Every structure is written in structure tokens, then in C-alpha cells.
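*Asks:* the following block contains a protein sequence and its predicted model.
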Amino acid sequence: MAFSGQFKAFSISVLFLLPSLLSAQAPSTYTVRKDNFVVPVTLSGIFESSEMEEVSLNPKAWSQLTVVEAVPAGQEVREGEVILVLDTEDIDKTIGELKHSLVLADISFELAKKDFEIAQKTIPMDLKAAQQASKDADEALVRYLKRGKKLREKSEHVALKSISDALAYQMEELKQLEKMYKADDLTEETEEIVLQRQRNVVERMKFSVEMAKEDHRVAFESSIPSRERGLKDSAIRTELEYHKAKLGLPAKLKKQELALSQQKISLQRMKKKLQDLLRDRKSLKVKAPMDGVVYYGQCVNGRWVSQGTISNSLKKGGTILSKQVFMTIVNPKKLRVSSSVTEAQLRYFQGKVAGYSMPLARPGTVIKVSLTHVDSFPASGSSYRARFKMGEGAKGVVPGMTCQLSFIGYQNKEALVVPNDRVFSEPGLPHKKFVWVETDDADSKAPVKIGHQNATHVEIIEGLSEGQKILAKKPE
């Protein structure tokens, strides 16, 4: 097997050797002839797995991703096996507190909901009551101004007159008693008592008249006008209260409805956050998505990026970032080669292309490769990403190893070839090629059309024939 690999390497080396058409001291003339013309293409490649799964976390509500234990890089794992354990103490505490807050929020929402249901029934009643109060106040004012005020004034007049008449009656009675008892020459003790009693009555009645007059004055100066003002104020106030209620009560109900809606949204957000936290809590024990070997970091075009940073992050107490690819599970048995092709090389990698891969870590090992894909657009700069399928013989090769790729980009076994330095360009017209041809009469300038070109020679498509001799430089 080792001999076979060495033989392949030797064969490739021989295949890529260019025809020795120039000696150490280039002659002044060169005879055009047909030769086996080859354009070799060499690429740098890297082995990668065609079957791998990136591992990352995308928590919805939790951001503290602190490492407790991580499977070491290079370890083989089975699908479903735990490969990373993250700290859960803080998230468990947060989940407990949120559950408690959610119970309280749920109760508050139910109470607010009931209050709103009651308000939907009572607010129309309150509005109707305010309207009725305004109507009652208006009617009370109209009644008072139409009859009540006059009756009150008449009542005050009648009351004063009544007490005044009563005084007059009592005074007349006293006068009659005095006149009657005066006719007697001798006033008896009983009669004196009767007179004194009547005099007392008269005095009391006088005071009552005095009080009645004061009440009468106060009624007309204060009570009656005050009553009128109170009824007018009440009518205005109740009307304003009604208009306020007419605008304010529906707005209050709408505000209460919006507050209830906002409370419902907040409650739903709390429930959603709890669901997200519970989901995040389960994800903190990371399991392998497939059978394979653990690699730290992310594979980008065959290369493992940020391995050093990720290795430090995956130590105990380290932290990883959300959406960060911190591990990749790789199937090391399904290998392919990834490489970059320049714009100049792109034409050689169309259709079926086969070549050889030589791992730098396994000298003498040669692996057949065939092109499977070339990007239509440059991946970076002017390079195009290419991938190659591998044949057998990749023992000891693992993803991440590098290699050299060798291909025959072009071959023409009957090509007319000349050295590169015998072909010239017109000044300012690099596409206009020509050579100096040696003739019997005089050396002449001959335009040529060139084809492919390698490091030493160029293929002539038109303008020369086999056997012609060309000069190394312009003739003197």
C-alpha cells in the first residue's frame, strides 16, 4: 500500500513535469514543434466533514449561560448524550419568583375583570341618575319660583300677622280685665293674680311678636333669597355634573377596559416569559444532536474558527453567548476537501474534474478527488469556494487537516508550443501577440493567437507552423 502511494506520487510528479524545451543557455532561435502541453493546477485544501451538526443555544428569556461541565474536544459521543451542563441556580430562583408573581397577577386580573363587569352595569345607572338629578333640580327651581317662593313669603306674612293678632287679643283681654276689676272698689287677691297672669302673657306675646318680626325680616332678607340661590346653584351644579358624567363615565369605562386589556397583555407576557424560562431551563443541559466527534467552535470552509476563545469559555465558570456556535459534532468518516479557486483558475474547474490530494500530515499518501461543487460567486475577494469528493485511502486523516491538491487543468498532446519569452505584445495592446520569425530573406514579424499558458511555455493556436524558427528578440 505504501509502495502504491509512492508510485502515485511519482506518477503525478512525472505528469506535471513540463517539456524540457529550453536548455541552460537559451539558443538565439527556437524551432516550433508539437509537444505534450500540460497546464498543472495546484491548490491548498483542507479536509472537512460533509456531515456535521452545529451546537448553539438560543434562549428566549435567559442570558446567564455559565458553564459547569463540558465534554472535552475530540471525544466521541452518541446522539442524545449530554455534552454540556450549565448552571441552573439563578434561573431556578427566577422561575420560582415569577410563578409567585404570576399567581398574584392572575388574582389581580380576575378582580379587575369583575370590577369592569360591574362598572359596565353601574355606569349606565350612574349616568341615568345624574340626568335625573339634573332634571329634579330644574323642576324644583321652577316649582319654587312659580309657587314655593310666593307661598313662603305669604307664610312669613301670615305668621307675623298671626302672632301680632294674638298679642292684640291678649292686650285687649288685659285691658278688659283691668277695666272690670277697676270698677270694684276693692281688688281681691284672686283678681290680682288673674291680672298678673294676663300681664305676663302679654309680655311673652310682645317678645314673640318681636321674634316674629325678626324672623320675618331674616326670611325676606336671607332665607328666601338663600333658598332661591341654593335651588339655582343646585340646578346648575346637577346639570354640570350630568354633562361631566355624560363625558366622564363612558371615558372611565373605556379607561377601565383599556387598563384591563393592558393587564391581560402583561399577564400573558408573564406567562410567556415563564414558558420561555422553563424551555430555557431544559436547554441548559445540552445533548449531542448526532453521533460523532466533538469539535470546539464552528467550521467555516473547513477551518475551525475561535477554537482558543471557545476552549476558555467552555471551562468551568466560563460563559457562552446566545446563538454562539460553541461546539460542532462531526462524523469523521464522511470526509471531503474544501479549497479556494482563483478567477484565473476558475476555467479549469468546470464539469468533471479529477485530481489528487496529498495530506501534509501523511507524506506519501495520495487520495483521489473529484470536483462536486464550485460557488457561482466569489466567497471572499476573487476566490471561489470549491469542494471535492474523496476516494479511498484517507486512513489517519481527520477534519481540520490540510493538504495539497493537484490537477491537470489543461492538456494537449499535439500542441504547438513556444517559450513564453519568445512571444511579444504590441505596445499598449497586450492582447495583440506576435513573434519574430527567421526566414531566408529577412526576419519578419508574425502575429499569433495564443491558447493556454503554463510557467514556461505557451500554446500557439494560429500564426505558426511546425518547423518554423522564431527569434529570441527583435532582429538587429
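*Replies:* Yep, that arrived. Numbers count the residues shown, from 1 in each chain.

*Asks:* for stretch 229-241, the averaged confidence score.
*Replies:* Stretch 229-241 shows a mean pLDDT of 93.

*Asks:* cool, stretch 461-470 as well?
*Replies:* On average, stretch 461-470 scores 93.

*Asks:* mind checking the end-to-end distance for it?
*Replies:* By Cα to Cα, to the nearest Å, the extent of stretch 461-470 from end to end equals 15 Å.

*Asks:* report the distance from that stretch to the chain centre.
*Replies:* Taking Cα atoms, centre = their mean, to the nearest Å, the mean C-alpha location of stretch 461-470 is offset from the chain mean by 69 Å.

*Asks:* for stretch 373-391, same thing?
*Replies:* 34 Å.

*Asks:* give me every residue that touches the residue positioned nearest the centre of the chain.
*Replies:* The chain has K60 as the residue nearest its centroid, 10.3 Å off, counting by Cα atoms, centre = their mean. Contacts for K60 (Cβ atoms under 8 Å, 6 or more residues apart in numbering) come out as 276-277, 279-280. For glycine as for every other residue, the C-beta is placed from the backbone atoms N, C-alpha and C.

*Asks:* same thing but 7 Å
*Replies:* Listed by Cβ atoms under 7 Å, 6 or more residues apart in numbering, the contact set of K60 reads 276, 279-280.

*Asks:* hey, which helix is longest across this protein?
*Replies:* Taking DSSP state H as the criterion, the chain has its longest helix at helix 224-283.

*Asks:* who are the packing partners of that one?
*Replies:* Counting contacts by 3 or more Cβ pairs under 7 Å, 6 or more residues apart in numbering; DSSP states H and E, helix 224-283 packs against helix 89-143, helix 149-183.

*Asks:* mean neighbour count and mean pLDDT added to those, as a markdown table?
*Replies:* Below are these laid out as a markdown table (neighbours: other Cβ atoms under 10 Å; pLDDT from 0 to 100):
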| stretch | mean neighbour count | mean pLDDT |
| --- | --- | --- |
| helix 89-143 | 14 | 95 |
| helix 149-183 | 14 | 87 |
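
*Asks:* still on that earlier bit, so the residue nearest to the centre of the chain: helix, strand or coil?
*Replies:* K60 falls in the coil class when you classify it by DSSP: H, G, I helix; E, B strand; the rest coil.

*Asks:* check the gap between it and Q324 for me.
*Replies:* K60 sits 16 Å away from Q324, going by Cβ to Cβ, to the nearest Å.

*Asks:* picking that back up, any quick PyMOL command for the buried ones out of the contacts of K60?
*Replies:* Here the buried members of the contacts of K60 are turned into a PyMOL selection, burial being counted by 16 or more other Cβ atoms under 10 Å:
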select buried, resi 280
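
*Asks:* could I get the contacts of K60 as a markdown table with distance to E48 and pLDDT?
*Replies:* Listed next are these as a markdown table, based on distance: Cβ to Cβ, whole Å; pLDDT from 0 to 100:
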| residue | distance to E48 | pLDDT |
| --- | --- | --- |
| D276 | 35 | 96 |
| R279 | 32 | 95 |
| D280 | 32 | 95 |
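
*Asks:* and the contacts of K60, which is closest to I470?
*Replies:* Nearest to I470 among these is D280, at 76.5 Å by Cβ to Cβ.

*Asks:* what about V418, distance to D443?
*Replies:* If you measure V418 against D443 using Cβ to Cβ, the figure is 16 Å.

*Asks:* can you point out the buried residues in stretch 436-448?
*Replies:* Here stretch 436-448 shows 436-438, 443, 448 as buried, counting by 16+ other Cβ under 10 Å.

*Asks:* now render the residues you listed as TSV, adding secondary structure.
*Replies:* Output for those, formatted as TSV (three-state DSSP):
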residue	secondary structure
W436	strand
V437	strand
E438	coil
D443	coil
V448	strand
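
*Asks:* lowest pLDDT pick from these?
*Replies:* Lowest pLDDT of those: D443, 72.
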